[in-house]
Structures are given as structure tokens and as C-alpha cells.
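Trainee: Next come a sequence and a model predicted from it.
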Amino acid sequence: MTTGFSEDGYKKKSINADTWAMLEVARREGIETVWDRLEKQQPQCGYCNLGTSCRICAMGPCRVDPFGEGPQKGVCGADADIIVARNLARMVAAGASSHSDHGRDILETLYRVGESKTDIYTISEPEKMKSLAAEYGVDIEGKSDQEIAAELAWEMMEDFGMRREKLPMAARAPEVRQQIWEKTGTYPRGIDRENVETLHRTHMGVDNDWVNILLHAVRTGLSDGWGGSMIATELSDILFGLPTPKASSMNLGVLKADEVNIVLHGHNPMLSEVIVAASQDPELLALVEEQGAKGINLAGLCCTGNEVLMRRGIPMAGNHLLQELCIMTGAVEAMVVDYQCIMPAVTEVAGCYHTKVISTFDKAKFPGAEHISFDPARGLEIGKQIVQTAVENYANRVPERINIPVKSAPMMTGFSVEAVVQALGGTPEPLVEAIKEGKIRGAVGVVGCNNPKIKQDLGHTELTRRLIENDILVVVTGCAAVADGKAGLMMPGAADQAGPGLSEVCKALGIPPVLHFGSCVDNTRIMVLAAALANFLGVDISALPLAGAAPEWYSEKAVAIGVYVVASGIYTVLGTAPPVFGSSNVVKLLTEGLEDVFGATFAVEPDPNRAATLIRRYIERKRADLGLPAVDPESISMPEAELLLA
Ligand code: XCC
Ligand code: SF4
């Protein structure tokens, strides 16, 4: 049963009217949500929060008490530094493995296209495929697209293995950056290799030098950022098309009261792309009519949503914390899930409504869901089966329970690096010039999740507003993108909320001050752009006035992203604290020590206004170092922290 919140209580949970309305429904109907369960978990374990609990062997579980009178070592003798480093490394490996296994699934699909073993997928971007083939040394002379696909895929499969000394796409980074990776022994070799080695090293009695453990965690993170995630993005573009700027909309208002609503949730676009195709099938549309519905309305959630939004303009129902709530509209016929970030709780909420949760990947099953096993060889056939299941479920709707509480917010999407460069006239030069002149002070990637410990979307939107007011261009991915979209910050008109310089540039180009770069694996687009800018200027990435921020992160994947972003030379501010504070050595390394080695560090700052100040100061320091017109960083004053307590 739900604990229930007063109206005042809802407003503490989120900044969004759709969330408030659905929390009221939850209260009225006695449906438990993520916020209720968080409350029931209080107080959460202090040792786990500090990262000083260990349960990786059966002599334990152990917990050490670095700041108190309790034990200072686990049964095996591991101290706080070792335990914190091991736990953090395992988080990185879990996150990197998730992104990379997603990349592998897309890679297998490319291979199937090459082998003609699929009923639906084709090569949508032959040019992009050819330039990738060149990077991989695949000879394309006189070969068909299909032959190239097969050969390129075969070659890329080796990225996961042990024959490579270096991942080929890491060569996109500036030479000096690659030298840093070589010197520190963090140049990623094989994706699976780095991940498996993390598990090996963190087994009891293997790597007990906490710095050495963390260096390998960096290598593992880099195998994600310049490997697994990058494969996912590049190959999704090749198979499903390069995102280009287009209009769409966001929030629960995108659901339609008189249509069959299918919500696409998860991360991998392989499945959602076939659902898009199947939803246009004439026979299924006839069935829709028979059922008395006006059409099929697809809506996204989380990163699967970001993928189909970027490429097809499919509207977005919400971000992470909306997954249970969207079912409570009573208007969702099916929630089709692939993998990652899907709370097991969704099937329970769905049980209170007519909504069917349809799981699709054999590696991601959910008790209470209907499982329709996805097979890329028969993609379209299965896609149609899923859509048919949703359409037939329209008859089970309870009209009195339909409650779509808000109007959708318009937004602009589709800013792949290629699209940005095209908008700039075919070269990054105008962007570089605007940064040099100081019209744009720098650029920041605001990325990552929602976390019920933080008022939903407050961290993302406040930070984004402060940054654009400071003439800092913002690029967004993942659930952060959805937060800013709902808040209206991703429309060209939002240029009015930007500082004078950024506003002028955006208006001249007709673009918003906050650019949608896609899903979480698409953070690699930010890496590619940063590398291109650095190479254009002949400097390292760490010399550029760039930063990253994950104001509301929750997932292990976000930890992997943070690690590869910092190890690529980009200062990153986290809004939620990672479980490392039990080791002052590890904290010092992450927030200071990394600077000397990788030219960037982490910072933790829950208050978005203060985070914006840290970032602005950092950017001005970088500008000064580059000899660009800069404002004295010390003159930028730190606001009082207050927002998150409101
Ligand atoms: Fe998941 Fe990617 Fe986080 Fe959102 S932002 S909660 S990881 S869906 Ni990636
Ligand atoms: Fe305890 Fe060491 Fe085993 Fe961890 S590895 S549970 S600290 S004995």
C-alpha cells in the first residue's frame, strides 16, 4: 500500500504537473510508486552509502567503519580504500557491460544484414558505413553495401575480443589524449576483456592496490565510451538512419485518448524500429478501425524513446520516473520493453490497469509480463505480433479511468554531430569562432537519469537554465534531455532565456540553446564532437572549455559514462554522490588526483546553481589557458545552496 502524499508532498517529488497528477491517482487508488518504496527503505545503509560494505565472498559480508570505532578491515584484511575501489570498479564494469552488450546486439544485426538473415533491416546510411569501414581497414572497392556490412561487422566483432591492442575508434581522440592512455596503461584493448578483467581483479585476493584497481576501471570505462557505446551509436545510425533536426513533443500529454497507445521503453532501437514499421501495416490499421480506435500512437520512454525520437520524431511520454506513472493514465494498451532501466515494478502497476507489459529480449524477462521473444531474423513478423497484441487490448480499456492530465510540450530533436556540422555550413568553424569570440563561453553535456532522491527534473532544468544564461551551449542526452524538453528549453524560442551571445548565435542558426544529442549511448556523439573540435584546434580535449554534468544520475551505466568522460579530459559534476566517501584517498584521487594524470576530475555538487558556478569558473579557466577572452573565474560567485531542500 502507498504511504500517500499531500498535494504539497507531490510538489516536493517533482517539478512536473503530469507527475503531480499521476501521484494523486496513485494516492487515490492505493498504488505504490518508486517514491513510496524509497521511503520504506529509510534509513538506507550508511556503510553502503559510503561504499565500505563488501559481500563479494563468503567470509563476509563485511563492513568497515573508517570514521568510527568499528572494524577498520574486512575478514580478509581489505581496508576502506580497497573495498571502495573494488565496489566502484564493479559499478563501472556493470555499466560498461550494459552499454557494450547493447552495442553487440546491434552489431549482430549488422552482420545479419550482411548475411541476408533478416526480414526487415537494411543499410540506411551507406556513406557512414563506408567511412567506418575505412577506419577499420576494410577494403570496400567494388563491394556491395551488403558485402561491406558483413565484412565490417566481422571486423568489429574483434573489438569485443582479445586480438586487439587498441580499440580502433579510440584513434578518433587527439594524439595527445591517446598518449595519456598509453602512458597510464588505460588504452582500451578489447571490450569484453576489460570488463572480465575488472571482475577478475576485484575477486577476493587479486588486485589490492586501490590505485591500480581504479586505473583498470578507467580502462574499462574507456572501452565503453570509445568502444561499446560508440558501436551502438554508429551502427544504429548506419542501420536506422542519421538523426536530423525535426519537431516533436514530450510529457504524458503525448498519449492520445482515442488511439491505441504503445509505449516503447528501454534502450535498444532494434525492436522499436520494427514496431514503428509494423504500426503502419494496413492490416493492423484495419484492425484498429474495427476496434473503434482512431489510430496507433507510439510514445517513447527513457532511451528507447530517445532513439526513436531522434530518428523518427516519435514523441516522448517521459523519463525514468514516469515509467510507472504513465500506466496510470489508463490509456496505455501496451508497454513494450527491451532492456535497462525498466523497473520490475511496472508489471505490478500494469496489473491495476488493462495495460500489457510485453517483454521482448530473452535476457530481460519480467514476472507478470507477456514475453514475445524477439528474433531479428523475423523482426517484422514479431513486430506485427506485438502491435496486434496492443491493438486487441484496446477493447479492454476502461474509459472512465482515462486520465491524460496535461498538454504536450513541443521540442526540437535530431542533432547528430553530422547534423550540427551541416547546420553550421559544413564545418565546425563557425562554432569554434563563436567560442573564440566569447559569444559562446563553452559547451556542457548535461546527461543522465532521474533519481527519486532528487526532486524530479529540478537538477537538470535548473542547471541547464543557469548554463545557457551564462552563454554556455548545452547538449543533452538520456533522461536529462526529456527533463529539458518538458520544460520548453529545447525550442528555438528558448534562445530568449539564454545570455546575449548564445542567444544571438542560436537565433542566427535557428537552433535551440539546448541540443538533443540522443540516448545515453549517444554520449559518444559528445566524445566525437569534442575530439573533432580538439583536432580542429590542434589541442587535447582537456584544453577545451567543455564540461559534463549528471545532476540526477542513478545507474551503473552513468558511472561508466562519468569515468570515460573524465578520462577523455572533460571535467564532470555529479549531482548525486557515488558510494566512495568511505575512502578519503579515493575521493581525493577522483576530485583532485586525476587532474595531473587525465587533465580532468570529478566534482560532486547536489545544488544545480552551485554546480553551474563550478562549471562556469572551470570554463573561464580553460578559456584563459587557451588565450581566449576570459572573465576572472574568481569573480563568479557561488550562490547559497537551497534549491534541493525546497
Ligand atoms: Fe536510464 Fe538511459 Fe539513466 Fe534514463 S538516463 S535512467 S540510464 S534511461 Ni541514461
Ligand atoms: Fe569481507 Fe574481504 Fe570477503 Fe569482502 S572480500 S566480504 S572484505 S572477507
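Mentor: Ah, there it is. Ligands and ions are numbered 1, 2, ... in the order given.

Trainee: Quick one: name the residues of the stretch 201-350 of the chain near ligand 2.
Mentor: Within reach of ligand 2 by CB under 6 Å from any ligand atom, the stretch 201-350 of the chain has these residues: M204. All C-beta spots, glycine's among them, are computed from the backbone N, C-alpha and C.

Trainee: All the helices of the stretch 201-350 of the chain, residue numbers only.
Mentor: For the stretch 201-350 of the chain, applying DSSP state H, counting those that start in this stretch gives helices covering 210-223, 229-240, 269-278, 282-290, 302-312, 346-351.

Trainee: Please identify which of these is closest to ligand 1.
Mentor: Set against ligand 1 and scored by CB to the nearest ligand atom, those come closest in helix 302-312, at 3.5 Å.

Trainee: Reformat the helices of the stretch 201-350 of the chain as TSV; add distance to G426.
Mentor: Shown next, in TSV, are the helices of the stretch 201-350 of the chain (distance: least, CB to CB, whole Å):
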stretch	distance to G426
helix 210-223	30
helix 229-240	18
helix 269-278	27
helix 282-290	41
helix 302-312	21
helix 346-351	44
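
Trainee: Any chance of these in TSV with mean neighbour count and mean pLDDT as columns?
Mentor: Compiled in TSV, the helices of the stretch 201-350 of the chain are given as follows (neighbours: other CB atoms under 10 Å; pLDDT from 0 to 100):
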stretch	mean neighbour count	mean pLDDT
helix 210-223	25	98
helix 229-240	26	98
helix 269-278	24	96
helix 282-290	14	98
helix 302-312	29	98
helix 346-351	20	98
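
Trainee: Report the distance from stretch 515-525 to the chain centre.
Mentor: 7 Å (CA atoms, centre = their mean, to the nearest Å).

Trainee: Endpoints of it, how far apart?
Mentor: One end of stretch 515-525 to the other measures 12 Å (CA to CA, to the nearest Å).

Trainee: Is it in proximity to ligand 1?
Mentor: Yes. Shown here: stretch 515-525 in contact with ligand 1 (CB under 6 Å from any ligand atom) through C520.

Trainee: Could I get the helices of the stretch 201-350 of the chain in CSV, plus columns for distance to ligand 1?
Mentor: CSV is the format used below for the helices of the stretch 201-350 of the chain (distance: least, CB to the nearest ligand atom, whole Å):
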stretch, distance to ligand 1
helix 210-223, 15
helix 229-240, 11
helix 269-278, 12
helix 282-290, 28
helix 302-312, 3
helix 346-351, 14
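
Trainee: Walking through the stretch 251-400 of the chain, point out its strands one by one.
Mentor: Counting by DSSP state E, counting those that start in this stretch, residue ranges of the strands within the stretch 251-400 of the chain are 260-266, 296-301, 316-318, 332-337, 356-359, 370-371.

Trainee: Relative to V580, tell me which of those strands wins on proximity.
Mentor: Across the strands of the stretch 251-400 of the chain, V580 has its closest neighbour in strand 260-266 (28.8 Å, CB to CB).

Trainee: Could you pull up the mean pLDDT of the closest one?
Mentor: The average pLDDT within strand 260-266 is 98.

Trainee: How about the stretch 101-250 of the chain: which residue is closest to ligand 2?
Mentor: Closest to ligand 2 within the stretch 101-250 of the chain is M204: 3.9 Å, counting by CB to the nearest ligand atom.

Trainee: That residue: neighbour count?
Mentor: M204 has 16 neighbours, counted by other CB atoms under 10 Å.

Trainee: and if you look at L544?
Mentor: What L544 shows, counting by other CB under 10 Å, is a neighbour count of 23.

Trainee: Ok, E141 next?
Mentor: E141 is flanked by 4 other residues according to other CB under 10 Å.

Trainee: Equivalent analysis for the one 10 residues further on, please.
Mentor: Other residues near E151 come to 18 when the count uses other CB under 10 Å.

Trainee: Tell me the secondary structure at it.
Mentor: Following DSSP: H, G, I helix; E, B strand; the rest coil, we place E151 in the helix state.

Trainee: Contact partners for it?
Mentor: Contact analysis of E151 by CB atoms under 8 Å, 6 or more residues apart in numbering lists G114, A133, V138, K143.

Trainee: repeat that with 7 Å
Mentor: By CB atoms under 7 Å, 6 or more residues apart in numbering, E151 lies in contact with V138.

Trainee: Give the closest residue to the residue of the stretch 101-250 of the chain closest to ligand 2 in space, chain neighbours not counted.
Mentor: Distances taken as CB to CB, 6 or more residues apart in numbering place C57 nearest to M204, at 4.4 Å, with adjacent residues excluded.

Trainee: and what of A364?
Mentor: Y339 (3.9 Å).

Trainee: Angles on the backbone of the one you found, please.
Mentor: Main-chain dihedrals, Y339, degrees, to the nearest 10: phi -150, psi 160.

Trainee: do the same with V474
Mentor: Note on V474: backbone dihedrals following degrees, to the nearest 10 are phi -120, psi 130.

Trainee: quick one: it and ligand 2, what's the gap?
Mentor: Distance, V474 to ligand 2, by CB to the nearest ligand atom, to the nearest Å: 41 Å.

Trainee: mind listing what the closest residue to that residue other than its chain neighbours touches?
Mentor: Computed as CB to CB, 6+ apart, the closest residue to V474 that is not its neighbour in sequence is V514, at 4.6 Å. Shown in contact with V514 (CB under 7 Å, 6+ apart): T464, I468, V474, V476, D484, L489, M490, A494.

Trainee: just to confirm, which helix or strand has the fifth one in it?
Mentor: Spelled out, that is D484. Using DSSP states H and E, D484 sits in helix 478-486.

Trainee: report the angle between the axes of that helix and strand 296-301?
Mentor: Relative orientation of helix 478-486 and strand 296-301, computed by axes from the mean of the first three to the mean of the last three CA atoms, to 10 degrees: 120 degrees.
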